[in-house]
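following is a predicted model, sequence given first.
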Amino acid sequence: MDKKKGHEDQKYIEGLLHNNSFIIQSIYDKFAPKVVNYIKQNSGSTDRAQDVIQDTLITIYNQASQKNLQLTCPFDAYFFLLCKRKWLNELKKSSNKEVTINEAVLSKDDDAQELAFETSVFGEKQALFTEMFSKLGTACKDLLTATFKIKSMEEVAKSLGVTYAYARKKKSLCIGKLTKLVQESPKFNQLNN
Amino acid sequence: MNDQNFILFESYLSKVLSKDETLVFESRLKTEPEFKQAFNTYKELSSFLEHKFENEAASNAFQNNLQKISKAHFNKKEVVLESKKPTKMFQFYKYAIAACIVVLFGIFTFNQFSNPSFSDYNNYDSISLTVRGVQDELLKTAEDAFNNKDFAKTEEVFGQLLEKDHSNKEYQLYKGIALIELNKFKEADSLFGKLSNETSAYKNKAIWYLALSKLKQENYDACLDILKTLPEDADDYKRAQKLIDKLD
């Protein structure tokens, strides 16, 4: 495994993170066609492929931003695998059929497989968290929104007209509530197994 | 997982726990799996929320930009795919016209090169043998037979007529024609051969029919030779010349 190559392609991750249009365009030109072809050949359409590609790039962006994603393999393989997984999961949801994910098809590149798997799981967790957040009560939503937008806890307390201690406690409980929601969700069990 | 634990998680993450409290906390992570899992989830959610709200602006900017580039890319793809297909119709017409030309050329060439045939020339005027006022059943029969192209009968009846009138060259002519039609070439050629050598009103006709007999036998060389002997004043001279041109 050529580590140098992996580092070279890190430029794509950086490009996404910094919202570099040139890099993003380059990703579409170089890597999108292969994905489009795959999806079209597997009960999909160009439109569905467009959505899959866009969602995948957002996931990569989020992971890069939150977890400091470091590529150790070519972007090509990593990206294709991610899109493929995403598409097959979509098919699974819509058809309820057993969809075999033939991982052997692509390459012997284990790094790509591992990385893609990690990102895939991350992406699904993100989706789950977002969903559960929306299920929180308004009070918690407002508090958490304020807490994370305004970095200072004192200021948050002030704006809400509560004590600092109360604000802090409320924050814990709201995230706690969110934690419970997530843990009780069936999807969470799937992700952790 | 009770509320106290969540408050503990928050304190730990905010690093407001004392050293001892931290040690206790970390030891619980190792010994209590449920505690650990809850904490990990809590931690992930904090990170998630942090990213969601702190980076909201940057994240939205990225997503908007991505949407724009994606749209542009896929619209470009659609335009490229609508390539013009070459009209197959035009190809078809080209070949059809070429085929027609070849066929026409073929017909033309064929006409030029194919040999003339007897059937091009065996059109006879109606004959009239009977003289007004004179009743002759046999003559009438002969006339009718010839005009109706009943050449077997023609031969028979003219034969009968010639028995009565050996030297009647007119009867010989018509009999000879019948012989050709009946493919009795030896007799026909002999008859016309004799007739064409004798001076009479029917000499030139005899030459013409002798030539036609040869033509029917596909003896083109003999036909040609005979035709060339036909004099200019013969009735069939013009036809003969055309035939000569075809055979030559």
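In hand now; what should we look at?

packing partners for the helix or strand bottoming out on mean pLDDT in chain B?
Within chain B, confidence by mean pLDDT, DSSP states H and E is lowest for helix B:88-113 among all helices and strands, at a mean of 77. Packing contacts for helix B:88-113, counted by 3 or more Cβ pairs under 8 Å, 6 or more residues apart in numbering or on different chains; DSSP states H and E, involve no helix or strand. Bear in mind the C-beta positions are built from the backbone N, C-alpha and C, glycine included.

just after that helix, pick out the following helix or strand.
helix B:137-147 (DSSP states H and E).

which parts of chain B are helices?
Counting by DSSP state H, one finds helices in chain B at the ranges B:3-14, B:19-31, B:33-54, B:56-81, B:88-113, B:137-147, B:151-164, B:169-181, B:185-197, B:203-216, B:220-228, B:237-247.

ok, now chain A?
A:3-17, A:21-40, A:46-67, A:75-95, A:110-134, A:138-149, A:153-160, A:164-184, A:186-192.

thinking again about what came up before, mind putting the helices of chain B into JSON lines with mean neighbour count?
Listed next are the helices of chain B as JSON lines, based on neighbours: other Cβ atoms under 10 Å in any protein chain shown:
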{"stretch": "helix B:3-14", "mean neighbour count": "17"}
{"stretch": "helix B:19-31", "mean neighbour count": "11"}
{"stretch": "helix B:33-54", "mean neighbour count": "18"}
{"stretch": "helix B:56-81", "mean neighbour count": "14"}
{"stretch": "helix B:88-113", "mean neighbour count": "10"}
{"stretch": "helix B:137-147", "mean neighbour count": "17"}
{"stretch": "helix B:151-164", "mean neighbour count": "18"}
{"stretch": "helix B:169-181", "mean neighbour count": "23"}
{"stretch": "helix B:185-197", "mean neighbour count": "18"}
{"stretch": "helix B:203-216", "mean neighbour count": "24"}
{"stretch": "helix B:220-228", "mean neighbour count": "18"}
{"stretch": "helix B:237-247", "mean neighbour count": "16"}
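
chain center to the least confident helix or strand of chain B: distance?
How far helix B:88-113 lies from its chain's middle: 9 Å, per Cα atoms, centre = their mean, to the nearest Å.

list the contacts for A:H7?
Going by Cβ atoms under 8 Å, 6 or more residues apart in numbering or on different chains, A:H7 touches A:L71.

rewinding a little: B:L139 is nearest to which of the helices of chain A?
Closest to B:L139 of these is helix A:21-40 (Cβ to Cβ; 95.4 Å).

how about the closest one and chain B, any contact?
Yes: residues of helix A:21-40 contacting chain B under Cβ under 8 Å from any Cβ of the partner chain: A:21, A:24-25, A:28-29, A:32, A:36.

need the nearest residue in space to the residue in chain B positioned nearest to chain A, chain neighbours excluded.
Closest residue of chain B to chain A, Cβ to the nearest Cβ: B:F6 (3.1 Å). Among residues not flanking B:F6 along the chain, A:G176 sits closest, at 3.1 Å (Cβ to Cβ, 6 or more residues apart in numbering or on different chains).

contacts only, for that neighbour.
B:1, B:3, B:5-6, B:9, B:42.

let's see it at 7 Å
B:3, B:6, B:42 (Cβ atoms under 7 Å, 6 or more residues apart in numbering or on different chains).

over to B:L29?
Counting by Cβ under 7 Å, 6+ apart, B:L29 makes contact with B:35-36, B:39.

residue numbers of chain A in contact with chain B?
Residues of chain A lying near chain B by Cβ under 7 Å from any Cβ of the partner chain: A:19, A:21, A:24-25, A:28, A:32, A:46, A:50, A:53-54, A:57-58, A:61-62, A:65-66, A:125-126, A:129, A:144-145, A:148-149, A:168-169, A:171-173, A:175-176, A:178-180, A:182-183.

which among those residues count as buried?
A:19, A:24, A:28, A:32, A:50, A:53-54, A:57-58, A:61-62, A:65-66, A:125-126, A:129, A:144-145, A:148, A:168-169, A:171-173, A:175-176, A:178-180, A:182-183 (16 or more other Cβ atoms under 10 Å in any protein chain shown).

count of neighbours near residue 17?
I'll assume chain A. 19 (other Cβ atoms under 10 Å in any protein chain shown).

meant chain B, my bad for not saying
16.

that one contacts B:F9, doesn't it?
No: using Cβ atoms under 7 Å, B:L17 is not in contact with B:F9; the gap is 10.3 Å.

chain A contacts on chain B?
Contact residues, chain B versus chain A (Cβ under 7 Å from any Cβ): B:1, B:3, B:6-7, B:9-10, B:38, B:41-42, B:44-51, B:53-55, B:61-63, B:65-67, B:69-70, B:73-74.

rerun at 6 Å
B:3, B:6-7, B:10, B:41-42, B:45, B:47-51, B:53-54, B:61-62, B:65-66, B:69-70, B:73-74 (Cβ under 6 Å from any Cβ of the partner chain).

give me the low-pLDDT residue ranges for chain B?
B:1, B:77, B:81-88, B:90, B:111-113, B:131-135 (pLDDT under 70).

okay, now the unreliable bits of chain A?
Using pLDDT under 70, chain A drops low at A:1-6, A:96-109, A:193.

in it, what residue lies closest to chain B?
Across chain A, the shortest distance to chain B (Cβ to the nearest Cβ) belongs to A:G176, at 3.1 Å.

and the gap between that residue and A:L144?
Using Cβ to Cβ, to the nearest Å, A:G176 is found at 11 Å from A:L144.

then B:T31?
30 Å.

try A:L115
Applying Cβ to Cβ to A:L115 and A:L144 gives a distance of 31 Å.

same question for A:F80.
36 Å.

next one: B:V16
19 Å.

ok, A:I60 next?
In terms of Cβ to Cβ, A:I60 sits 25 Å off from A:L144.

try B:K52
When distance is defined by Cβ to Cβ, B:K52 is 9 Å away from A:L144.

cool, and B:V24?
Distance from B:V24 to A:L144, by Cβ to Cβ: 28 Å.

A:C83 too?
Using Cβ to Cβ, A:C83 is found at 32 Å from A:L144.

do B:F39 as well
According to Cβ to Cβ, B:F39 stands 18 Å off from A:L144.

same deal with B:F92?
B:F92 is 72 Å from A:L144, by Cβ to Cβ.

and stretch B:168-185, C-alpha only, in PDB?
Taking Å, rounded to 0.1, in the frame of the first residue of the first chain, the C-alpha atoms of stretch B:168-185 are listed here in PDB:
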ATOM      1  CA  ASN B 168     -47.400 -21.400-107.100                       C
ATOM      2  CA  LYS B 169     -44.700 -19.500-105.300                       C
ATOM      3  CA  GLU B 170     -47.100 -17.600-103.100                       C
ATOM      4  CA  TYR B 171     -48.400 -20.900-101.700                       C
ATOM      5  CA  GLN B 172     -44.800 -22.000-101.200                       C
ATOM      6  CA  LEU B 173     -44.100 -18.900 -99.300                       C
ATOM      7  CA  TYR B 174     -46.900 -19.400 -96.800                       C
ATOM      8  CA  LYS B 175     -46.200 -23.000 -96.500                       C
ATOM      9  CA  GLY B 176     -42.500 -22.200 -95.800                       C
ATOM     10  CA  ILE B 177     -43.500 -19.800 -93.100                       C
ATOM     11  CA  ALA B 178     -45.700 -22.400 -91.500                       C
ATOM     12  CA  LEU B 179     -42.800 -24.800 -91.600                       C
ATOM     13  CA  ILE B 180     -40.600 -22.400 -89.800                       C
ATOM     14  CA  GLU B 181     -43.300 -21.800 -87.200                       C
ATOM     15  CA  LEU B 182     -43.500 -25.600 -86.800                       C
ATOM     16  CA  ASN B 183     -39.700 -25.800 -86.400                       C
ATOM     17  CA  LYS B 184     -39.500 -28.000 -89.500                       C
ATOM     18  CA  PHE B 185     -36.300 -26.300 -90.400                       C
END
